[in-house]
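K.L.:
Take a look and give me a structure for this.
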Amino acid sequence: MTPSPADGERILVVDDEPDIVALVVYHLAKAKYKVSSATSGSDALALAKRERPALIVLDLMLPGMSGFDVLEQLRADPDTASIAVLMLTARKDEPDRIRGLELGADDYLTKPFSPQELVLRVGAILRRTNANAAGSDQLRIGPIVIDRSAHRVTVEGHEVELTPTEFKLLLTLAERRGRVQARTLLLETVWEAAPDIQTRTVDMHVQRLRTKLHPAGDLIETVRGFGYRLRADSDRAE
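P.N.:
All right, here's what the predicted structure looks like:
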């Protein structure tokens, strides 16, 4: 049984196909989420800024401003940078999925899709997000400070804007620092082993995470043939 969403969690559904919007809204509302919808990129950005939804279900094939453009602008705006995003795409080509993940999407689902699977994917992303905010302590690894309760990361005192999945990935590596984490294990822990998520997803998110952490990103080491490890030197928990 899927756990009931936390009170007040809002989902924004962005798609220009009325039948798809109606289907997604119905199933999310049935799962007790509060749901808004938009049919264009500009409307989606305005609603995201005004309502601050917990998650956006974003179609990539939008008229005018594409879903990729919307995602890029969401991540560039501090007010919306941390909103979780589930991509919907009719394209099954890997480059499209990789581009979306590189821009900061948390997960993706290809059309046609099962409404029940979409609701499960939404729930999995939000559980990761809520778990990130459940703690009350800080973790310091060299210049990186992770505040679990505030869902906040700073590097040498400067705040770093991370998506919920990027935050969960960094926190997982930090909590297991010094130990190699296989890509498959990270998929199970961070992505909750979604059926068609591939190990390439981990690589894309690690790449983005390293970039955002600037020089501190070098603390994330690639262990060839296995996965990733966060170096344990110069670290301490507070």
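K.L.:
packing partners for the host helix or strand of R99?
P.N.:
Per DSSP states H and E: R99 is located in helix 94-102. Applying 3 or more C-beta pairs under 8 Å, 6 or more residues apart in numbering; DSSP states H and E, we find helix 94-102 packed against helix 67-76, strand 84-89, strand 107-110, helix 199-213. Placement of C-beta: from N, CA and C, glycine included.
K.L.:
Check the offset of stretch 159-172 from the chain's centre.
P.N.:
Remark: stretch 159-172 is offset 8 Å from the chain centroid, using C-alpha atoms, centre = their mean, to the nearest Å.
K.L.:
got the contact list for it?
P.N.:
Residues outside stretch 159-172 that contact it (C-beta atoms under 8 Å, 6 or more residues apart in numbering) are 75, 78, 81-82, 84-85, 104, 106-107, 125, 128-129, 131-132, 139, 144, 146, 148, 151-154, 181, 186, 189-191, 202, 205-206, 208-209, 212-213.
K.L.:
does L58 sit in a helix, a strand or a coil?
P.N.:
At L58 the chain is in strand, as set by DSSP: H, G, I helix; E, B strand; the rest coil.
K.L.:
For it, give me its contacts.
P.N.:
Per C-beta under 8 Å, 6+ apart, neighbours of L58: V14, A44, G67, V70, L71, V85, L86, M87, L88, A105.
K.L.:
so how far is F167 from it?
P.N.:
Distance, L58 to F167, using C-beta to C-beta, to the nearest Å: 19 Å.
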